[in-house]
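Enquirer: predicted model and sequence below, questions to follow.
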Amino acid sequence: MRVALFITCVNDTLFPGTGRAVVTLLRRLGVDVEFPQAQTCCGQMHVNTGYPAEGVRLASHFTEIFAEYDAVVTPSGSCTAMIREQYPRLAVTAGAAAKQPGLREAVGEVVPKVYDLSEFLVDVLEVTDVGAYFPHRVTYHPTCHSLRGLHLGDRPRRLLEQVRGLELVPLPGAEECCGFGGTFAVKNRDISAAMCADKVGNVMKTGAEVLCAADNSCLMHIGGTLSRQKSGVRVMHLAEILAATEGGAR
Amino acid sequence: MSQTFVGMPSFPKNAAKAVQDSQLRFNLRKATHTIRGKRAAVVGELPDWAELRQAGKAIKDHTLRHLDEYLLQLEAAVSAAGGTVHWAKDAAEANRIVAGLVKATGEREVVKVKSMATQEIGLNEALEAEGIKAYETDLAELIVQLGDDWPSHILVPAIHRNRAEIREIFLAHMPDAPPDLTDEPRALAEAARLHLRERFLRAKVAISGANFMIAESGTLVVLESEGNGRMCLTLPETLISVVGIEKLLPTWRDLEVFLQLLPRSSTGERMNPYTSMWTGSVEGQDFHLVLLDNGRTDVLADEIGRQALRCIRCSACLNVCPVYERAGGHAYGSVYPGPIGAILTPQLRGMDTELDRSLPFASSLCGACYEVCPVAIDIPSVLVDLRAKARHPRTERAGMAAAGWVFNRSARLARAQRFGGRMRRLVPKRLPGPLSGWTDTRDLPDIPKDSFRAWWNRTEGGTR
């Protein structure tokens, strides 16, 4: 099975540690993951802000690059949801049909092979104990697109529960949006900040040292607020916790 | 739609003010979370909710696809039952028809059943201009009307008011309110009841909307909780119903689905308390039906946006929306607030004003609205589609074009990342312009020296 990593532009540029963690984790589980160099961005920001033409181009680019692989693993719930939910819609819009006649078939071919990291671990590799060690008190934010878009369900929780030393504490109001929403965070800054204030309040109630999620965009938003407030809580991507082992864990 | 909101600032500006109002935030949080919990409980107890929801969607889609035929069938059935059907292409025409009908009775006042369609067309104001006084009889609409205020929620128009505020409104604006009125819910309801009772007995003309219209029988259906609507529907000699053309259902049997979906989604009740149904002119009552288009056929023409016409005005999407909960209904500048308003208003009114253009962006696309919608309106998808149709600010267009150019070639992205890595110490803690929206309340992440792809290439995927 040829497995490709779609790192996503945000992780590639701002959170390379998450990508390294995915590579470490997958290698430990016997997967020889490849990184196709031509990859860039799934187009989520463009499409969700109202620029579908750029989205169509990036969707076409994505399907070309990943066509040859058996599975594509992505450490981002919202990018996976973008690909799974919006690529099929983009491919059938009138403009796309004229400019990218083959996109519909390409999307139909590639999209079913794209997995969020926890889907790949639990459904494809069929593991929940990935041999991780992380002796900290952790709370998990499910993130909207992972929860309501991908329906990840209890996959992340099952993975975290098998991590040795980890104490998982429930997050009150976990299913509520943190207020990131891409360009929403800037266009509707006051509402976004108010939503995040409530999310941060709930995180603080748990007494957790670490807030974990499967999407660094949401974590950048919540983490940026936690940091501004000098809360002492750090944010970590699920992959980074699952990659941690005895001796290697901080 | 009503002209009352003309000139309102954009959603973000309205919301920025509302978010500072701690009383409003408290009232909204308490009310929406209470209804949210009730809805979740009564929806959760039905094992076939998913099927009911699909049935509701399918019936509405079928009706909308054959709307032309069903409307004619309805007209024939209502006429056969002694009612008169009027067709109104927009708000002005509907208001003109209703004012004319009221004047023909010689009356100068009317009682009203809670109705979104008449709010949408600004009927009360139009009647006022013709010298006709319209009295709202729904308790919450009465509070809004007495307070010279605007509804902020579809189901609970006075959701932004708490009982202390309601007591003050009654004391100031309800002439027959007892001077020793307390803010106990029972006392407030009793004061309203006595105030309204006299109006019901005096009224000769009533105006309503309808939740559903049955094409095969010509029956109209109104769901309400207080019984005040039934008083209006049954006592007066003339009844005028203003109903959007999308409120149709083909057959009586279709109601079975919607009488389960609507109460559970809106009030969180298993069964609706007062469900009134009537067909044409009943017991000598003169009945007029005004069928309202007001932009709906334009919405119907839009392949993606038309699903908004499935809406049964339950408000479940408002009650789960984190943006509505913090911004309140007034920020949306429309009688249709919340997620459904954000897709309905720009479609009905167009996106010519700053406010209407900003509505499709009044969402973090969290998807909670879609999840609870009893007729499965994919609100996030319609929002995204409307965003593509909205005019974008010039600086944003330039930024998006630049980002698109970088993302088109991985070599460009790698170059941009190398540049960012070198400049990382120079990035200010507070960003200028629109980006200050980020750094006003959040720290920026540290920009890494090496991007992931740089690390992969340097270490051959971590093997070196």
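Expert: Great, that's in hand. Keep in mind it's a predicted model, so treat the numbers as computed, not measured. Numbering: from 1, shown residues only, chains lettered A, B, ... in the order given.

Enquirer: for the closest residue to chain A within the stretch 251-400 of chain B, which non-adjacent residue is closest in space?
Expert: For the stretch 251-400 of chain B and chain A, the shortest gap (CB to the nearest CB) falls at residue B:364, measuring 2.8 Å. C-beta here means a position set from N, CA and C on the backbone, and glycine is covered the same way. Once flanking residues are discounted, residue B:364 sits nearest to residue A:181: 2.8 Å by CB to CB, 6 or more residues apart in numbering or on different chains.

Enquirer: sec struct for residue B:388, please.
Expert: At residue B:388, secondary structure determined by DSSP: H, G, I helix; E, B strand; the rest coil is helix.

Enquirer: how about residue B:365?
Expert: Assignment for residue B:365 (three-state DSSP): coil.

Enquirer: got it, and residue B:135?
Expert: strand.

Enquirer: separation between it and residue B:199?
Expert: According to CB to CB, to the nearest Å, residue B:135 and residue B:199 sit 5 Å apart.

Enquirer: which residues in the stretch 1-150 of chain B form strands?
Expert: B:84-88, B:109-112, B:133-136 (DSSP state E, counting those that start in this stretch).

Enquirer: and those, which is most packed in?
Expert: Highest mean neighbour count among those (mean count of other CB atoms under 10 Å in any protein chain shown): strand B:109-112, with a mean of 24.

Enquirer: quick one: contacts of that one?
Expert: Contact with strand B:109-112 is made by B:102, B:118, B:124, B:127, B:132-138, B:141, B:199-200, B:202-203, B:205-208, B:231-232, B:236, B:240, as judged by CB atoms under 8 Å, 6 or more residues apart in numbering or on different chains.

Enquirer: rerun that using 7 Å as the cut-off
Expert: B:102, B:118, B:132-137, B:199-200, B:203, B:205-207, B:232, B:236 (CB atoms under 7 Å, 6 or more residues apart in numbering or on different chains).

Enquirer: please apply the same query to stretch B:164-182.
Expert: B:143, B:146-147, B:183, B:187-188, B:191, B:194-195.

Enquirer: output that stretch as PDB, nothing but the C-alphas.
Expert: Output in PDB follows, covering the C-alpha atoms of stretch B:164-182 (Å, rounded to 0.1, in the frame of the first residue of the first chain):
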ATOM      1  CA  ALA B 164     -37.900  42.600  34.700                       C
ATOM      2  CA  GLU B 165     -37.600  44.400  31.400                       C
ATOM      3  CA  ILE B 166     -41.000  43.100  30.300                       C
ATOM      4  CA  ARG B 167     -42.600  44.300  33.500                       C
ATOM      5  CA  GLU B 168     -41.200  47.800  32.800                       C
ATOM      6  CA  ILE B 169     -42.500  47.800  29.200                       C
ATOM      7  CA  PHE B 170     -46.000  46.700  30.500                       C
ATOM      8  CA  LEU B 171     -46.100  49.400  33.100                       C
ATOM      9  CA  ALA B 172     -45.000  52.100  30.700                       C
ATOM     10  CA  HIS B 173     -47.000  51.200  27.600                       C
ATOM     11  CA  MET B 174     -50.000  49.000  28.600                       C
ATOM     12  CA  PRO B 175     -52.700  51.400  29.900                       C
ATOM     13  CA  ASP B 176     -54.600  48.700  31.800                       C
ATOM     14  CA  ALA B 177     -51.600  47.100  33.500                       C
ATOM     15  CA  PRO B 178     -52.100  46.900  37.300                       C
ATOM     16  CA  PRO B 179     -49.800  49.400  39.000                       C
ATOM     17  CA  ASP B 180     -48.600  46.700  41.500                       C
ATOM     18  CA  LEU B 181     -47.500  44.400  38.700                       C
ATOM     19  CA  THR B 182     -44.600  42.100  39.700                       C
END
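
Enquirer: quick one: mean pLDDT for that stretch?
Expert: On average, the pLDDT along stretch B:164-182 is 95.

Enquirer: which parts of it are buried?
Expert: Under the neighbour-count criterion of 16 or more other CB atoms under 10 Å in any protein chain shown, stretch B:164-182 has B:165-167, B:169-170, B:174, B:177, B:181 buried.

Enquirer: and if you look at stretch A:146-162?
Expert: Those would be A:146-150, A:152, A:155-157, A:159-160, for stretch A:146-162 by 16+ other CB under 10 Å.

Enquirer: that one and chain B in contact?
Expert: Yes: counting by CB under 7 Å from any CB of the partner chain, chain B has neighbours in stretch A:146-162: A:148-149.

Enquirer: show me what contacts residue B:199?
Expert: Listed by CB under 7 Å, 6+ apart, the contact partners of residue B:199 are B:111, B:135, B:137.

Enquirer: and the gap between the first one and residue B:435?
Expert: Just to be clear, that refers to residue B:111. 53 Å.

Enquirer: repeat that for the second one.
Expert: Taking CB to CB as the measure, residue B:135 falls 51 Å from residue B:435.

Enquirer: kindly report the same for residue B:169.
Expert: 43 Å.

Enquirer: swap in residue B:290?
Expert: From residue B:290 to residue B:435 the distance is 50 Å (CB to CB).

Enquirer: now do the closest residue to residue A:220 other than its chain neighbours: how many residues are near it, please.
Expert: Nearest non-adjacent residue to residue A:220, counting by CB to CB, 6+ apart: residue B:445, 5.4 Å away. Neighbourhood size, residue B:445 [other CB atoms under 10 Å in any protein chain shown]: 18.

Enquirer: please, which helix or strand holds residue B:445?
Expert: Of the helices and strands defined by DSSP states H and E, none includes residue B:445.

Enquirer: that older thread, neighbour count winner among residue B:290 and residue B:435?
Expert: Shown here are residue B:290 and residue B:435; by other CB under 10 Å, residue B:290 has more neighbours (25 against 14).

Enquirer: could you give the mean pLDDT of the one helix or strand the more buried one maps to?
Expert: Assigned by DSSP H and E, residue B:290 belongs to strand B:286-292. For strand B:286-292, the mean pLDDT works out to 98.

Enquirer: mind checking how far the helix or strand that that strand is followed by is from the chain centre?
Expert: Toward the C-terminal end, the helix or strand that comes next after strand B:286-292 (DSSP H and E) is helix B:296-300. Relative to the mean C-alpha coordinate of its chain, helix B:296-300 is positioned 17 Å out (CA atoms, centre = their mean, to the nearest Å).

Enquirer: any idea which helix or strand comes after helix B:296-300?
Expert: With DSSP H and E, the next secondary element past helix B:296-300 is helix B:316-320.
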